[in-house]
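**Q** Quick one, what's the 3D model for this:
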Amino acid sequence: MKGVIKVKTKEDTINKVILLGRLKNDPEPCYTSNRKLICTFNLVVKRESKSSIWEPDTDNIPVVLWDTEAKLVGDSCVKGNQIIIIGHIQIHSYHRYGKRHWMTEIVGEHVVLMQNNDSK
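**A** Modelled structure (predicted):
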């Protein structure tokens, strides 16, 4: 089949994401009750628009970083900085006001800081 790539992994599944985007907000590093450093922010990424060839749509993707990567972004980045996130998709649920809500986020495993003029 043309255009089809067969990938064989140990478990026959792949959950890997690579995103290039800009921080929508300042990163929010903090410590959990177990004293693990966590940092959360939204990453704005462009995607091809279905309505117009000239104007891309954007997505705001929630990102979670832990430990070393959380410290790196928390210490070095501000709103608007461009970064690359390599990680995986995680979906979890929580209950609020008696209703179940679902959350999809990217858990970053590696971060690449792009050259930014307005870093901390």
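**Q** Could I get the full set of helices for this structure?
**A** In the chain, the segments counted as helices under DSSP state H are 67-76.
**Q** all strands for it, in order.
**A** 17-23, 28-31, 37-47, 57-66, 82-96, 99-113 (DSSP state E).
**Q** export these to TSV and tack on distance to residue 73, mean pLDDT and mean neighbour count?
**A** Backbone N, C-alpha and C define where each C-beta goes, glycine included. Putting those into TSV (distance: least, C-beta to C-beta, whole Å; pLDDT from 0 to 100; neighbours: other C-beta atoms under 10 Å) gives the following:
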stretch	distance to residue 73	mean pLDDT	mean neighbour count
strand 17-23	8	97	16
strand 28-31	8	94	12
strand 37-47	5	95	17
strand 57-66	6	94	16
strand 82-96	7	95	13
strand 99-113	6	96	13
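**Q** With residue 76 as the reference, name the closest of these.
**A** When the strands of the chain are compared by C-beta to C-beta, strand 99-113 sits nearest residue 76, at 6.0 Å.
**Q** What strands line up against that closest one, and which way round?
**A** Strand 99-113 has its sheet partners listed here by DSSP bridges as strand 57-66 (parallel), strand 82-96 (antiparallel).
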